[in-house]
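Asks: Sequence and predicted structure below; questions after.
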Amino acid sequence: MKFTIINQHLYNYGDEIAGITLIDSINKRFDNVDNISVYYKIPGQLNLSYDNVVHQGQPFTKSWKTLLSIFLVLIFSPFSQKIIFDLKLKQYISDIISSDYVFVSPCGANMGIYKDWKFMLVVLLCIRSGKKPIFHGITVGKSGNFLFDAIARYCFKNSEMFVREKKCVSFLNSMNIRSFRTVDTAFMFENEKPFRYDVKNYIVFIPTKLDSWHPNFKGFSVEEDISEKIIPALVSYAKRQDSKIVILPHMYNEEGGNTEVDLLSYYHDIIVSCGLNKSMVEIVNCEDFRDYDNFIKHSSFVVSMRYHGVVMSIKNCVPFLSLAYENKMTEVCNYSQKSDFNIELYNTKLPEFINIEYLMDRQNKLDRSIPDYLCFLAEQCIQQLFFRESNNR
C-alpha cells in the first residue's frame, strides 16, 4: 500500500507529535505499507526512522513554470500530468495519483481563520488530480474571505472529513457536508524516549505571544494580564512546594533554537520579579518533540497557552490550567471532562485569584482512564480505513 501525507507542519512540537503519530498509526495498523510520502508546508523534515517514509519536501516551488503547471492541473486535470513543467509538482501529482490514501496532516484552522491559501492550494491540487483526501483530526471553519471560503467548501465536499471539534461538525453540517467527529491525533502518541532532567519537582509554563500570530489577537496583548494574575499564583505555589518553574518552548527554528527568545526571557524576568529565586526558574531546550512531551509528562502541574500543551497534559494525566486562545482548547477540556480547568482568553477576563492546589486536588480525583478512551477515539479514522481494506480483500 502507498500513502501520502500533505501539508505537514514543522518547527512546532505539537503539530510534529500529531504528524508522527499519524505515521506511527498507519505503520502499526497496516502490515503492507510500502511507502509513505510526506509533503511539508515549509523546508525541513520530521525526525523519525521509518525506512518506508519518503520526505518529499514542499510540493512546488515559486516560479513561472510552477504557476503555469498549477493552472494546467486545476483547469485540465487529470489530462495535464504529461505537460507539467515543474518537476516538484510533477512528483507531487504522481504520488497523489499512485497513492491508495492521501491524508491532510493533523493541524489547526489553516482552512479557516488562519486563511492559508498555499495550504488550500495543495489540497485543491490533490482533488483535481482525482483523489479524495482525508482530513485527519483537523480544525476547519470560516475565514471571512468569500473566495477563500468558496474554494474551501469545494475542497471539504470532495474530501473525507474527520474533525476534532463539535463546532467543526456543526459548521460542515450547515453546508450539508458529511463529517466524522474525532479527537486530537496526539492522544495516540507513544513516547519511548528516556527522560534526562535532573530536577524532579517542577511546574511547566508554556507561553506564546498571541498577538504576533493569531488573527483574533491582532492588536490585543495578553502578556500584562498573564503577568499580573497567572504568574504570581504560579510563583506563590512554587515557593510553597519548593518547586522549580520550567518555561517550555513550543516552537523552534531550523537550527534547533527557540524562536520566541524575547517572550521566554520576558516571562523568566517576570517570574523572578515576583519573588522566585533565579535558580528556581529555567528556560529549557528540547532536543525534539519527545522531550517536549517528557517535560510535560514528568511535571507536577502545567499552565499552557498552547493547544498541544493541554492535549499532552490530559494524555499524561498531569494537572493543568488551560489558557485558551481558541475554541479547540475549550473543546478538548470539555470532552476530557476537564472544562473547569480552562479559561477562555478570547472570551472572558482572567480571574483575580487562582488556587493551584485546588486545581491539582480536583484533577487528581478525576477518572484516570479518560486518556485511554481518547486514544480509542483518535484511532477511529485509521480503524475505518482498515475495515474498508479488509472488506476489499
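Replies: Received, thanks.
Asks: contacts, neighbours, all on C-alpha from now
Replies: Fine.
Asks: Could you chop the protein up by domain?
Replies: Following automatic domain parsing, one gets these domains for the chain: 2-182, 202-367.
Asks: closest to Asn191 out of the ones you listed?
Replies: Closest to Asn191 of the domains of the chain is domain 202-367 (Cα to Cα; 6.3 Å).
Asks: For Leu210, which non-adjacent residue is spatially closest?
Replies: Spatially, and ignoring its direct neighbours in sequence, Leu210 is nearest to Phe217 (6.0 Å; Cα to Cα, 6 or more residues apart in numbering).
Asks: Now the helix or strand harbouring Arg388: average pLDDT?
Replies: Element membership for Arg388, per DSSP states H and E: helix 380-392. Average pLDDT, helix 380-392: 88.
Asks: Quick check: buried residues in stretch 372-391?
Replies: Buried positions in stretch 372-391, judged by neighbour count with 16 or more other Cα atoms under 10 Å: 374-375, 377-383.
Asks: want to throw these into a markdown table with distance to Thr139?
Replies: A markdown table is the format used below for these (distance: Cα to Cα, whole Å):
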| residue | distance to Thr139 |
| --- | --- |
| Leu374 | 17 |
| Cys375 | 18 |
| Leu377 | 16 |
| Ala378 | 14 |
| Glu379 | 17 |
| Gln380 | 17 |
| Cys381 | 15 |
| Ile382 | 18 |
| Gln383 | 20 |
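Asks: Not counting the one helix or strand Leu359 maps to itself, show me its contacts.
Replies: According to DSSP H and E, Leu359 maps onto helix 356-364. With Cα atoms under 8 Å, 6 or more residues apart in numbering as the test, helix 356-364 has contacts from 233-234, 237, 301, 319-321, 338, 341.
Asks: can you give me the offset of that helix from its chain's centre?
Replies: Distance of helix 356-364 from its chain centroid, counting by Cα atoms, centre = their mean, to the nearest Å, is 26 Å.
Asks: CA-only coordinates of that helix in CSV, if you can.
Replies: Written as CSV, here are the backbone C-alpha positions of helix 356-364 (Å, rounded to 0.1, in the frame of the first residue of the first chain):
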residue,chain,number,x,y,z
ILE,A,356,-3.4,26.0,42.1
GLU,A,357,-3.6,23.5,45.0
TYR,A,358,-7.4,23.3,44.5
LEU,A,359,-7.0,22.8,40.7
MET,A,360,-4.4,20.0,41.3
ASP,A,361,-6.5,18.3,44.0
ARG,A,362,-9.7,18.4,41.8
GLN,A,363,-7.9,16.9,38.8
ASN,A,364,-6.1,14.2,40.8
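Asks: which other helices and strands contact the next helix or strand after that helix?
Replies: Counting by DSSP H and E, the next helix or strand C-terminal to helix 356-364 is helix 370-378. Packing partners of helix 370-378 (3 or more Cα pairs under 8 Å, 6 or more residues apart in numbering; DSSP states H and E): none among the helices and strands.
Asks: the helices in the stretch 51-200 of the chain, which residues?
Replies: 64-76, 87-98, 117-128, 146-157, 166-173 (DSSP state H, counting those that start in this stretch).
Asks: And the helix holding Arg388, what does it pack against?
Replies: By 3+ Cα pairs under 8 Å, 6+ apart, helix 380-392 packs against helix 13-29.
Asks: what's the angle from the helix or strand just after the helix it packs on to helix 87-98?
Replies: Per DSSP H and E, the first helix or strand lying C-terminal to helix 13-29 is strand 35-40. Strand 35-40 runs at 130 degrees relative to helix 87-98, counting by axes from the mean of the first three to the mean of the last three Cα atoms, to 10 degrees.
Asks: which stretches of the chain have low pLDDT?
Replies: 64-65, 76-83, 393 (pLDDT under 70).
Asks: make it 90
Replies: 31, 49, 57-90, 129, 218-221, 253-260, 346-355, 358, 360-369, 388-393 (pLDDT under 90).
Asks: So Lys239 versus Glu228, what's the distance?
Replies: 17 Å (Cα to Cα, to the nearest Å).
Asks: in the sheet, who's paired with Val204?
Replies: Beta bridges link Val204 to Val246, Val302 when assigned by DSSP bridges.
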